[in-house]
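Enquirer: this one's structure only:
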C-alpha cells in the first residue's frame, strides 16, 4: 500500500518519480514506513497525504480551501466533543450529516451519531486544517 501512496502522489503531480524512488530505497534500507518518510521529508503537503489516504480508503477528503462549513451545521458538535474526537460537522447531505474527521474510526462515527441523532458520512481532513477550523 505504501508504494501505492507514492504512485497516487505522482499522478497528482505533487511528487516526482525520482523523489519517490529515493524514499522507497530509504524505506527499504531503514524499515521506516514510506508514509512517514513522505511526511518527514516535506516533499508533499499534509493535505496531499490526507487526500491520498482518503482515496485509498474509499473516503472523501474535505478541504477547507475549497469548501466551507455550512452555517446550518456549525456547532452541531459541542466544542469539547469536537476537540476530543478531532471531528467537525461540515454539511448536511441527503438526510445525513457530513463530518470531517482527522481519523475515521467506527467508535468515533457511532459516538457522533448518538450525540447528534444523525446518520454520519465520514470525511477525512488534515489535522492542521481541523485545528485551524476550531480556532476560527
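Expert: Here it is on my side, so go on. All figures in this text were calculated on a predicted structure; none of them were measured in a lab.

Enquirer: list of residues touching the lowest-mean-pLDDT helix or strand in the chain?
Expert: Every helix and strand of the chain was ranked by mean pLDDT, DSSP states H and E. The lowest is helix 2-11, at a mean of 88. Here helix 2-11 makes contact (Cβ atoms under 8 Å, 6 or more residues apart in numbering) with 15-17, 20, 23-24, 27, 33-35, 38, 44, 48-49, 52-53, 55-56. For glycine as for every other residue, the C-beta is placed from the backbone atoms N, C-alpha and C.

Enquirer: mind listing what's buried along it?
Expert: Within helix 2-11, the residues that count as buried by 16 or more other Cβ atoms under 10 Å are 5, 6, 8, 9.

Enquirer: what's the mean pLDDT across the helix or strand following that helix?
Expert: Scanning forward in sequence from helix 2-11 by DSSP states H and E, the next helix or strand is helix 17-30. For helix 17-30, the mean per-residue pLDDT is 94.

Enquirer: from the middle of its chain, how far away would the following helix or strand past helix 17-30 be?
Expert: As assigned by DSSP H and E, the chain's next helix or strand after helix 17-30 is helix 34-41. Centroid separation for helix 34-41 versus its chain: 16 Å, with Cα atoms, centre = their mean, to the nearest Å.

Enquirer: does residue 44 really touch residue 14, like I thought?
Expert: Yes - in this structure, residue 44 is within contact of residue 14 by Cβ atoms under 8 Å, at 5.1 Å.

Enquirer: in the chain, which ranges drop under the pLDDT threshold?
Expert: Along the chain, segments meeting pLDDT under 70 span 1.

Enquirer: could you look up the SS state of residue 77?
Expert: coil (DSSP: H, G, I helix; E, B strand; the rest coil).

Enquirer: how far away is it from residue 45?
Expert: 26 Å (Cβ to Cβ, to the nearest Å).

Enquirer: residue 67 now?
Expert: In terms of Cβ to Cβ, residue 67 sits 17 Å off from residue 45.

Enquirer: residue 77 and residue 45: who's more crowded?
Expert: Higher neighbour count among residue 77 and residue 45: residue 77, with 21 against 13, using other Cβ atoms under 10 Å.
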